[in-house]
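show me the folded form of this:
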Amino acid sequence: MPWELIIWLISAVLCLALMSQWWWQPRLPDWIGRAQKGPWLWYLGGYPLTVLRMVATWRKLCQTADLCVVRRPRYTMIGKDSMVRGMALRPLPPRLGLPLVTPNGLVVRVHLHPGQTPREFIANADAFAHAWRVHMVKVVSPKRGQVLIIATASDPLTDSAVGALADWRTVLPPARLLAAIVGRTGEGSAWIMDFRKVPHWLIAGATQSGKSTLLSSLLTELGGQPVGLVAIDCKGGMELSLFARRLSALATSRDEAVVLLSALVTEVERRMYQCRKAGVRSVWELHDDVRPVPVVVIVDEIAELYLSGGSLTGRKEAVECSTLLLRLAQLGAALGVHLVVAAQRFGSDLGPGATALRAQLGGRVCHRVNDEQTAEMTLGDLSPDAVAVAQAIGDDEQGVAVTTVGGHWMRTRSALVTPAAAREYAARDAHLTPHIIGVSSALETGGDGE
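Numbers count the residues shown, from 1 in each chain. Just a heads-up that it's a prediction; the model follows:
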């Protein structure tokens with residue numbers, strides 16, 4: 001198609017839009033409202049306009065962000081003995097692939113020039129978002145020599161978007177055993193915490209950041225499954241006691257936590273003997289009739305377990321808690337015992353036991369935090385690029401977090417579970433609470449229960 005015809009068509013469309021402005025401009029707010037309930041307006045209007053902006057600004061954007069390369073040499077000979085240094089007038093940007101539409105954005109593949117690295121493009125993600133007028137841009141590198149630019153048109157983590165998952169247990173299909181649908185991701189899909197894939201999790205977040213909301217969502221979803229739930233809440237049980245009717249055991253102080261953790265380690269050793277006797281390497285290889293029930297241990301505010309307070313008894317209990325938690329994290333994955341550790345702050349000041357425990361917690365979730373060290377300790381060793389994203393979470397983004405598994409990060413937001421709803425779910429699922437030998441009765445017998 002000749003360029004003259006393309007320009008004529010574009011001009012005709014623009015003239016028609018201007019002439020009919022009196023008709024479509026009053027209806028625009030209603031269209032935008034409907035677009036929030038469905039992607040049809042994005043497919044018909046937003047996506048083509050974004051692609052046009054992307055193509056029109058790509059060369060200039062790459063030049064401004066220093067993402068171009070120069071084919072010609074920097075030095076040019078003039079005459080016999082003179083050499084002039086300068087930059088080529090037409091630097092070459094990386095080749096932009098075909099933008100593929102998604103329900104709430106688009107994905108485009110960029111082929112890098114030799115010598116370029118993905119880090120240069122990751123650092124300019126905000127520049128891409130501003131130039132293309134989209135909500136957010138994420139850059140990942142699935143293959144050497146290429147990067148994927150994932151653009152999100154509008155924020156899928158708003159109250160209305162996540163609110164659609166408020167009763168997710170009736171809206172979405174049931175998850176598999178030990179897979180909990182706890183909210184929504186920044187890509188618009190359901191956020192699933194799968195303990196079969198990632199056995200242990202670390203959740204960090206300051207007060208009023210949404211950490212307790214995530215724990216409530218997790219307990220609510222797991223409560224409807226044949227899973228044992230054990231909780232340690234050293235703040236007197238203020239948070240997790242809402243689910244008391246669904247919990248197999250609840251420790252509300254550090255001395256109770258020592259007793260409960262000791263009983264859990266004993267249970268892990270019993271399962272280890274059972275697997276060894278059956279000649280298998282994990283409880284998942286056992287027959288359904290003899291397989292022990294999976295157990296998820298929720299620890300809220302781990303600092304209360306690690307800080308000694310200066311007394312001899314306090315130091316002894318802190319060391320015991322650190323050792324027992326580390327043993328559970330090292331041995332529990334194959335034996336059906338999983339850890340979820342939550343903290344307002346998580347740093348080296350908690351002692352070497354905290355760093356050793358962190359190495360065993362493959363799943364990481366970081367809400368808004370008050371210090372850089374907590375964000376670094378939570379995300380830095382798995383995905384350094386996610387640290388800056390987590391620190392940018394604002395005070396008004398309650399429930400928003402950055403989660404990373406295996407080096408790939410994404411923004412997420414947990415679904416809200418009110419205290420009344422938490423009690424209702426706990427009462428509804430109370431009949432599913434299993435009796436775990438030696439664990440359920442540990443606090444009543446002081447750790448000597450059988």
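
show me what the lengthiest helix in the chain is packed against.
The longest helix of the chain (DSSP state H) is helix 254-278. Helix 254-278 sits against strand 228-233, strand 249-251, strand 295-300, helix 303-306, helix 312-331, strand 337-343, helix 442-445, with contacts defined as 3 or more CB pairs under 8 Å, 6 or more residues apart in numbering; DSSP states H and E. C-betas here are computed from N, CA, C, even on glycine.

identify whichever of the ones you listed lies nearest to Pro114.
If you check each of the helices and strands packed on helix 254-278 against Pro114 by CB to CB, helix 312-331 wins as the nearest, at 43.0 Å.

and the closest one with strand 337-343, angle?
130 degrees (axes from the mean of the first three to the mean of the last three CA atoms, to 10 degrees).

list the buried ones in helix 312-331?
For helix 312-331, burial by neighbour count (16 or more other CB atoms under 10 Å) applies to 317-318, 320-322, 324-329, 331.

distance between that helix and the chain's centre?
28 Å (CA atoms, centre = their mean, to the nearest Å).

need the contact partners of it.
Contact with helix 312-331 is made by 200, 254-255, 257-258, 261-262, 264-265, 268, 272, 297, 299, 302, 305-308, 337, 339, 341, 351, 353-354, 356-357, 360-361, as judged by CB atoms under 8 Å, 6 or more residues apart in numbering.

and if you look at stretch 117-129?
Under the criterion CB under 8 Å, 6+ apart, residues 61, 64-67, 110, 112, 135-141, 147, 149, 151, 385 lie in contact with stretch 117-129.

out of these, which are buried?
Among the contacts of stretch 117-129, those buried by neighbour count (16+ other CB under 10 Å) are 61, 65, 67, 110, 112, 136-141, 147, 149, 151, 385.

which of the residues you listed sit farthest apart?
The widest separation within those (CB to CB) is 21.8 Å, between Leu112 and Met136.

quick revisit: narrow the contacts of stretch 117-129 to those in strands?
110, 136-141, 147, 149, 151 (DSSP state E).

tell me which of the residues you listed is nearest to Arg53?
Top of the list for closeness to Arg53, among those and by CB to CB, is Ala151 at 10.3 Å.

thought His435 was touching Ala249?
No - contact criterion CB atoms under 8 Å: His435 and Ala249 do not qualify, at 10.0 Å.

before we move on, back to that, need the buried residues of helix 312-331 in a markdown table with pLDDT, can you?
Output for these, formatted as a markdown table (pLDDT from 0 to 100):
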| residue | pLDDT |
| --- | --- |
| Glu317 | 85 |
| Ala318 | 85 |
| Glu320 | 90 |
| Cys321 | 90 |
| Ser322 | 89 |
| Leu324 | 93 |
| Leu325 | 94 |
| Leu326 | 93 |
| Arg327 | 93 |
| Leu328 | 94 |
| Ala329 | 93 |
| Leu331 | 92 |
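
can you add distance to Gly186 and give those back as a markdown table?
Below are the buried residues of helix 312-331 laid out as a markdown table (distance: CB to CB, whole Å):
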| residue | distance to Gly186 |
| --- | --- |
| Glu317 | 40 |
| Ala318 | 37 |
| Glu320 | 40 |
| Cys321 | 35 |
| Ser322 | 34 |
| Leu324 | 36 |
| Leu325 | 31 |
| Leu326 | 33 |
| Arg327 | 36 |
| Leu328 | 31 |
| Ala329 | 28 |
| Leu331 | 34 |
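
which one of those residues sits closest to Thr158?
For those, the nearest to Thr158 is Ala329 (35.5 Å; CB to CB).

that closest one and Val268: what is the separation?
Shown here: Ala329 relative to Val268, a distance of 11 Å by CB to CB, to the nearest Å.
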